[in-house]
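Undergrad: no sequence on this one, just coordinates:
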């Protein structure tokens with residue numbers, strides 16, 4: 001099926017999901033929408049997050065997408081059922097695939113979940129892991145400084161390592177055998193996180209897990225695209241120039257154009 005996959009987030013973090021998707025599914029067209037006019041979603045009420053998410057989802061649906069990927073932990077925790085009810089296409093979030101991948105990797109030890117304060121407070125990953133890996137304890141840790149470090153490009157060196165040491169030292173001492181990156185910014189800091197945690201724990205990237213879940217669902221629904229020349233559109237709702245710079249950093253490739261769009265109802 002030639003229609004694109006739609007992907008959205010409140011900002012740039014979801015671009016790590018897009019990067020994983022295009023690596024896993026290089027033949028698929030994509031449209032990415034960053035709602036930069038309303039970022040961050042994590043400080044909003046559930047009702048407001050759902051309203052914003054529906055605006056993004058309906059805008060992408062109007063572009064003729066065949067599947068929606070919610071590349072935002074806050075929306076995945078708060079609003080996925082509302083989006084699934086509102087759209088006639090498959091909707092995939094990032095929490096369930098990430099939790100499934102972590103449950104598959106653990107050897108029965110503790111699973112450390114790293115996320116933003118809002119994601120950790122939602123308890124969404126903790127609930128999913130208690131269901132999927134009932135014999136493992138779950139250690140959730142908010143790492144808020146990882147987001148600005150990723151957006152500023154400070155992903156290696158002394159500063160991010162000191163921050164990671166402060167957040168993760170007690171998780172290392174607790175003997176976690178699996179570390180789930182529960183924020184879409186955190187894959188950019190994966191090397192620093194792995195260095196601080198040491199060689200023992202398995203590092204699980206929810207972006208890669210989501211890409212694999214999308215690939216399986218496309219195959220199951222007969223929605224895969226066959227052919228060359230995949231097209232990728234990038235949209236945002238404010239400050240496209242800054243978004244363009246960060247998009248190239250997060251994606252690791254040139255981005256031809258960032259289109260500014262208005263989601264006003």
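TA: Sure, I can see it. The model shown is predicted, which means the values in this text are computed figures rather than measured ones.

Undergrad: so where do the strands sit in the chain?
TA: Using DSSP state E, the strands of the chain run over residues 5-9, 30-34, 67-70, 91-92, 111-115, 138-142, 178-181, 202-205, 232-236, 258-260.

Undergrad: could I get those strands as TSV with distance to residue 101, mean neighbour count and mean pLDDT?
TA: Backbone N, C-alpha and C define where each C-beta goes, glycine included. Shown next, in TSV, are the strands of the chain (distance: least, CB to CB, whole Å; neighbours: other CB atoms under 10 Å; pLDDT from 0 to 100):
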stretch	distance to residue 101	mean neighbour count	mean pLDDT
strand 5-9	19	28	97
strand 30-34	21	25	97
strand 67-70	16	26	98
strand 91-92	14	22	97
strand 111-115	11	29	95
strand 138-142	14	19	95
strand 178-181	8	29	96
strand 202-205	5	21	95
strand 232-236	25	21	96
strand 258-260	30	16	95
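
Undergrad: what would these look like in TSV with distance to residue 131?
TA: As requested, those are exported to TSV (distance: least, CB to CB, whole Å):
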stretch	distance to residue 131
strand 5-9	25
strand 30-34	30
strand 67-70	20
strand 91-92	18
strand 111-115	12
strand 138-142	11
strand 178-181	14
strand 202-205	16
strand 232-236	35
strand 258-260	39
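
Undergrad: Among the ones you listed, which comes closest to residue 59?
TA: Set against residue 59 and scored by CB to CB, these come closest in strand 30-34, at 6.6 Å.

Undergrad: just to revisit the earlier point, if we compare the strands of the chain, which one ends up closest to residue 20?
TA: strand 202-205 (7.3 Å).

Undergrad: Tell me the helices and strands packed up against that closest one.
TA: helix 95-105, strand 178-181, helix 190-197 (3 or more CB pairs under 8 Å, 6 or more residues apart in numbering; DSSP states H and E).

Undergrad: Point out the most buried one among the ones you listed.
TA: strand 178-181 (a mean of 29; mean count of other CB atoms under 10 Å).

Undergrad: helices or strands next to that strand in the packing?
TA: helix 95-105, strand 111-115, helix 190-197, strand 202-205, helix 206-221.

Undergrad: Show me what it is in contact with.
TA: Residues outside strand 178-181 that contact it (CB atoms under 8 Å, 6 or more residues apart in numbering): 98-99, 101-102, 105-107, 109-114, 125, 129, 136, 171, 187, 190, 193, 197, 201-207.

Undergrad: Give me the pLDDT for the residue lying farthest from the centre of the chain.
TA: What lies farthest from the middle of the chain is residue 173; by CA atoms, centre = their mean that is 27.3 Å. pLDDT for residue 173: 91.

Undergrad: Just put the helices and strands packed on strand 178-181 in a markdown table and tack on distance to residue 255.
TA: Shown next, in a markdown table, are the helices and strands packed on strand 178-181 (distance: least, CB to CB, whole Å):
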| stretch | distance to residue 255 |
| --- | --- |
| helix 95-105 | 25 |
| strand 111-115 | 27 |
| helix 190-197 | 22 |
| strand 202-205 | 22 |
| helix 206-221 | 18 |
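
Undergrad: which stretch among the ones you listed comes nearest residue 69?
TA: When the helices and strands packed on strand 178-181 are compared by CB to CB, helix 206-221 sits nearest residue 69, at 6.1 Å.

Undergrad: Residue 95 contacts residue 78, doesn't it?
TA: No - applying CB atoms under 8 Å as the test, residue 95 and residue 78 come out as separate, 10.4 Å apart.

Undergrad: For the residue lying closest to residue 181 once chain neighbours are set aside, give its distance to residue 149.
TA: Setting aside the residues directly before and after it, residue 181 is nearest to residue 205 in space (CB to CB, 6 or more residues apart in numbering), at 5.3 Å. Distance check for residue 205 against residue 149: by CB to CB, to the nearest Å, it reads 17 Å.

Undergrad: same thing with residue 101?
TA: For residue 101, the distance to residue 149 - CB to CB - is 24 Å.

Undergrad: what's the answer for residue 75, then?
TA: According to CB to CB, residue 75 and residue 149 sit 23 Å apart.
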